[in-house]
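>>> structure, please.
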Amino acid sequence: MKVIVQALLMVLCVHYGFTQDLDINLNPQQAFILDKTKGTLEVKICNCHTASTTAPSDKPRPQISFPDNLMLKGITNTDGSPLIGFTVQSSSNDPGNHSVRLLANTVLPNTSCTSFLIQVEGNGIGTGIITATLGSQGPQTDGNYTTNDNALAAIPVQVNFPVTLKEFRARKEEGLAILTWTTTEEMNASHFDVQRSENGKHWQTLANVPAKGTSKIRTDYSFTDANPQNGQNLYRLHMIDLDGSATYSTICNLRFEFQPQFVFPNPAKDFLNVKVDDWNKIQGIVIRDTQGRQIYRSTDRRTDRIDLTDFVAGIYIVEIVKSNGETKISRIVVAR
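Predicted structure coming up:
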């Protein structure tokens, strides 16, 4: 599902030779929020006049209005602490009037800004425009250029995907990428596409993992990427509902630094090819399972193609033993 977010911020700072000028800006802190979940909007007011004049207190009065699908939940400083520097004059979640009006009760020096956060919660699917107007309590301050007293932004509210993803993790285990994730609730979930990318732009689906479907208990999932790329590996989950709606997990990043490949393909099916520069320096080849049990040992020095038809599906360790005792180890996956 692609989300296109449009945010229009009107910011003009023009010097007209008057005393001071203020502008107001709206900055959504996320591209979108899910229905019945919370999001945050930053409101920033700046004294952008070129003259060194301080904006007075108890004059600037910002009002921010939201569409009905965004409920007001609170107002704080940018660090989440109780709001200071502003007094809330009115706040409403009445139908057709989701808005808040504040009064700045401290001065604002020239070329400085002050910000606060408004917490909202999704109250229905859709995209509505958020508007902000910077008015004045009492007569308008001389020189306030009213064109930049307005700002527009949008926070779309999306359908809440019926999987509660508690965590998604990736770890390296020798040459493998082990992905694990946990859900605490599922409702009509279809499956997870496990995806990988080298640059975050182009994604490849590695596997399709069926979801539990409908469940209110903890469910653990895992997938092993037996052939990660040399360098950066980005992983994410594409979580898909039975009705086709979908969303993505956060992205996990693993980096691998591999030596040149000596055995291929990987995963393998019926045969494994072995690449060696000088077979005269090779003592033999051994293949073991993950328990360390020997499954195969070469009968002669040159074995550049190994028959795997009798191997059961699973992970194996290939040891290429040199005459000087040095051993090169590779992990392979035999797939059926």
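
>>> just the strands from the stretch 51-200 of the chain, written as ranges.
Remark: strands assigned in the stretch 51-200 of the chain by DSSP state E, counting those that start in this stretch are 60-66, 70-76, 86-94, 97-104, 113-122, 129-136, 150-154, 157-158, 163-173, 176-186, 189-197.

>>> what about the fifth one, distance to the chain center?
The chain centre lies 21 Å from the centre of strand 113-122; the measure is CA atoms, centre = their mean, to the nearest Å.

>>> helices or strands next to it in the packing?
Strand 113-122 is packed against strand 33-34, strand 38-47, strand 70-76, strand 97-104, with contacts defined by 3 or more CB pairs under 8 Å, 6 or more residues apart in numbering; DSSP states H and E. In short, each C-beta sits where N, CA and C put it, glycine included.

>>> re earlier: now the strands of the stretch 51-200 of the chain in JSON lines, with distance to Thr219 and mean pLDDT?
As requested, the strands of the stretch 51-200 of the chain are arranged in JSON lines below (distance: least, CB to CB, whole Å; pLDDT from 0 to 100):
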{"stretch": "strand 60-66", "distance to Thr219": "36", "mean pLDDT": "94"}
{"stretch": "strand 70-76", "distance to Thr219": "30", "mean pLDDT": "96"}
{"stretch": "strand 86-94", "distance to Thr219": "36", "mean pLDDT": "95"}
{"stretch": "strand 97-104", "distance to Thr219": "37", "mean pLDDT": "95"}
{"stretch": "strand 113-122", "distance to Thr219": "25", "mean pLDDT": "94"}
{"stretch": "strand 129-136", "distance to Thr219": "37", "mean pLDDT": "90"}
{"stretch": "strand 150-154", "distance to Thr219": "35", "mean pLDDT": "91"}
{"stretch": "strand 157-158", "distance to Thr219": "23", "mean pLDDT": "84"}
{"stretch": "strand 163-173", "distance to Thr219": "9", "mean pLDDT": "90"}
{"stretch": "strand 176-186", "distance to Thr219": "5", "mean pLDDT": "92"}
{"stretch": "strand 189-197", "distance to Thr219": "10", "mean pLDDT": "94"}
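
>>> got a markdown table for those, with distance to Tyr221 too?
As requested, the strands of the stretch 51-200 of the chain are exported to a markdown table (distance: least, CB to CB, whole Å):
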| stretch | distance to Tyr221 |
| --- | --- |
| strand 60-66 | 37 |
| strand 70-76 | 32 |
| strand 86-94 | 39 |
| strand 97-104 | 39 |
| strand 113-122 | 27 |
| strand 129-136 | 37 |
| strand 150-154 | 34 |
| strand 157-158 | 23 |
| strand 163-173 | 9 |
| strand 176-186 | 5 |
| strand 189-197 | 7 |
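
>>> so which of the ones you listed gets nearest Ile295?
Evaluated with CB to CB, the strands of the stretch 51-200 of the chain place strand 176-186 nearest to Ile295, the distance being 18.4 Å.

>>> which elements pack onto the closest one?
Helices and strands touching strand 176-186, by 3+ CB pairs under 8 Å, 6+ apart, are strand 163-173, strand 189-197, strand 219-225, strand 231-241, strand 252-256.

>>> of all these, which lies closest to Pro82?
With distances scored as CB to CB, the stretch of the helices and strands packed on strand 176-186 nearest to Pro82 is strand 163-173 (30.4 Å).

>>> so what are the domain limits for the chain?
The record, using automatic domain parsing to delimit domains, assigns the chain the ranges 22-158, 163-256, 263-334.

>>> need these in TSV (columns: mean neighbour count).
What follows is those, written out as TSV (neighbours: other CB atoms under 10 Å):
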stretch	mean neighbour count
domain 22-158	17
domain 163-256	16
domain 263-334	14
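
>>> phi and psi next, for the residue nearest in space to the middle of the chain.
Centroid-nearest residue in the chain: Thr250, 3.9 Å away (criterion: CA atoms, centre = their mean). For Thr250, the backbone dihedrals are phi -70, psi 170 (criterion: degrees, to the nearest 10).

>>> can you tell me the closest non-neighbouring residue to it?
Phe168 (6.1 Å; CB to CB, 6 or more residues apart in numbering).

>>> that neighbour contacts Tyr248, doesn't it?
No - with the criterion set as CB atoms under 8 Å, Phe168 and Tyr248 do not qualify as a contacting pair; they are 10.1 Å apart.

>>> so what sits against both of those two?
Both Phe168 and Tyr248 are in contact with 236-237, where contact means CB atoms under 8 Å, 6 or more residues apart in numbering.

>>> partner strands of the host helix or strand of Gln283 and their direction?
Taking DSSP states H and E as the criterion, Gln283 maps to strand 282-289. Looking at strand 282-289 with DSSP bridges, its partner strands are strand 294-297 (antiparallel), strand 314-322 (antiparallel).
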